[in-house]
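Trainee: The amino acid sequence is not available; the structure is as follows:
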């Protein structure tokens, strides 16, 4: 593993080599790959490598499980000074960091949200605007790498909402929607209660969206591979997991808890 190389980069490079060796007749079982990876990590991973070797049967450990464990450790290294709960950190005024070329709304310090609505010329960019014919879509959230902020179309599922907050979101077709508030939503994902903060209330939106960029901004690691999406907290480990749907999208079914 090279200095400064990320876990995902190293695994990607290693698995490409292993695939080529297999194609050329080399017997390359997963346990061999796992052992080679553990022997060749940089020194900052020594502690977690020892833990993995002591607590796991390498013959039954999968490459995905190993990668997940190392990703969590990588997050802890980069966030060792951060003392916060997953998804419970107050999101600063102006929305999440945009993954595309649209600009993020500029915070108006010292002014209330109504003044911000009147004076800002910026718009939040929203690339995904899809429609799903499901009766329980209130509980369905799309994981979206293109939207800059978490967004919800149902007022009643917010646990609290600042209805004075105003902003606008811009769709991929250049049309705009108005944000009528910002608040928090309590939901249960994979048996774990989560509080999603800084969610925009957009009544005209057809589906609820979880911004991958905003999740990563909170210090979470998002791993997508082999038809699955896994979200890891640097201390709690795996907190969300979902499989790719037939239309190549990742959705999370999350019952909304009583407020």
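Mentor: Sure thing, it's come through. Please read these numbers as outputs of a predicted model, since none were measured by experiment.
Trainee: Residue 163 - nearest residue in space that isn't next to it in sequence?
Mentor: Nearest residue to residue 163, sequence neighbours excluded (Cβ to Cβ, 6 or more residues apart in numbering): residue 181, at 4.4 Å. C-betas here are computed from N, CA, C, even on glycine.
Trainee: Got phi/psi on that neighbour?
Mentor: Phi and psi for residue 181, reported as degrees, to the nearest 10, are phi 160, psi 170.
Trainee: need the contact list for it.
Mentor: 155, 158, 161, 162, 163, 164, 165, 200, 201 (Cβ atoms under 8 Å, 6 or more residues apart in numbering).
Trainee: Of those residues, which count as buried by neighbour count?
Mentor: Among the contacts of residue 181, those classed as buried by 16 or more other Cβ atoms under 10 Å are 158, 161, 165, 200, 201.
Trainee: Strands of the stretch 151-259 of the chain, start to end?
Mentor: 151-152, 160-162, 167-170, 176-179, 182-189, 192-201, 208-211, 221-225, 228-233, 237-243, 251-253 (DSSP state E, counting those that start in this stretch).
Trainee: Those into a markdown table, with extra columns for mean pLDDT and distance to residue 49?
Mentor: Output for these, formatted as a markdown table (pLDDT from 0 to 100; distance: least, Cβ to Cβ, whole Å):
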| stretch | mean pLDDT | distance to residue 49 |
| --- | --- | --- |
| strand 151-152 | 91 | 40 |
| strand 160-162 | 92 | 43 |
| strand 167-170 | 84 | 44 |
| strand 176-179 | 86 | 46 |
| strand 182-189 | 88 | 30 |
| strand 192-201 | 88 | 27 |
| strand 208-211 | 90 | 32 |
| strand 221-225 | 84 | 18 |
| strand 228-233 | 84 | 18 |
| strand 237-243 | 83 | 17 |
| strand 251-253 | 83 | 32 |
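Trainee: Quick one, which of the ones you listed gets closest to residue 26.
Mentor: Residue 26 sits nearest to strand 221-225 of all the strands of the stretch 151-259 of the chain, at 22.6 Å, using Cβ to Cβ.
Trainee: what sits up against that closest one?
Mentor: In this structure, residues lying in contact with strand 221-225 by Cβ under 8 Å, 6+ apart are 8, 64, 67-68, 71-72, 74-75, 143, 212, 215-216, 229-232, 234, 250.
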